[in-house]
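Enquirer: show me the folded form of this:
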Amino acid sequence: MTAIDYGYTALPTEVAAGTEVRFVNDSEVEAHEFVAVRLAEDEERSVAELMQLPPAEFGALLSDVATVIIAPPAAEGVVVEGTGRLDEPGRYAIVCVIPTGADPNEYLAAAAEAEGGPPEVDGGPPHIAQGMFAELTVTS
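Expert: Numbering: from 1, shown residues only. Reported below is the predicted structural model:
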């Protein structure tokens with residue numbers, strides 16, 4: 001799967017359980033991430049619909065993080081949370097919450113030390129506000 005400014009390419013809509021994610025960043029400027037969050041079984045809204053919610057309400061839905069892969073500009077990603085595999089069947093929101101314009105080295109260093117959520121670094125709105133989100137279904 002590939003990141004560009006500000007979206008994902010080569011991202012299938014469906015993968016089999018156990019799929020290992022290979023994440024590459026084609027941007028020359030921005031760091032990007034692949035955050036896979038399993039949505040609740042009873043959640044019927046699309047990820048695009050969920051993006052319309054107030055930030056706090058949307059954030060509350062993103063508690064079941066399966067994996068986080070961060071990729072510096074023009075590089076392959078590194079798993080910083082989880083295993084890099086999507087093992088549990090279900091629907092997933094794929095998001096990038098890195099602040100627009102954040103210094104990639106600063107973000108990567110802060111992410112290495114962060115516990116329980118994205119690191120706080122200077123920058124503009126998160127990449128999801130620029131449209132960097134997708135939906136993926138993991139099948140059994």
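
Enquirer: ranges for the helices of the chain?
Expert: Remark: helices assigned in the chain by DSSP state H are 47-50, 55-60, 104-113.

Enquirer: tell me what the last one is packed against?
Expert: By that I understand helix 104-113. strand 65-71 (3 or more C-beta pairs under 8 Å, 6 or more residues apart in numbering; DSSP states H and E). Where C-beta positions appear, they are placed from N, C-alpha and C, glycine not excepted.

Enquirer: what angle separates the strand it packs on from helix 104-113?
Expert: Orientation of strand 65-71 against helix 104-113 (axes from the mean of the first three to the mean of the last three C-alpha atoms, to 10 degrees) gives an angle of 150 degrees.

Enquirer: residues in contact with strand 65-71?
Expert: With contact meaning C-beta atoms under 8 Å, 6 or more residues apart in numbering, strand 65-71 is reached by 3, 21, 23-25, 31-38, 77-88, 92, 98, 107-108, 111.

Enquirer: ok, stretch 16-30 next?
Expert: Stretch 16-30 is touched from outside by 1-6, 9, 31-32, 34, 36, 67, 69, 71-77, 84-89, 98, 100-102, 104, 127, 138-140, with contacts defined as C-beta under 8 Å, 6+ apart.

Enquirer: coming back round to it: out of the contacts of strand 65-71, which end up buried?
Expert: For the contacts of strand 65-71, a neighbour count by 16 or more other C-beta atoms under 10 Å gives the buried set as 3, 21, 23-25, 31-38, 77, 79-82, 84-86, 92, 98, 107-108, 111.

Enquirer: circling back: out of the contacts of strand 65-71, list just those in strands.
Expert: 3, 24-25, 32-38, 78-81, 85-86, 92 (DSSP state E).

Enquirer: ok, V95 to Q130 distance?
Expert: 11 Å (C-beta to C-beta, to the nearest Å).

Enquirer: actually R38, sorry about that
Expert: In this structure, R38 and Q130 are 23 Å apart, going by C-beta to C-beta.

Enquirer: which residue is nearest the centroid of the chain?
Expert: What sits nearest the mean C-alpha location of the chain, by C-alpha atoms, centre = their mean, is V35, with 2.5 Å.
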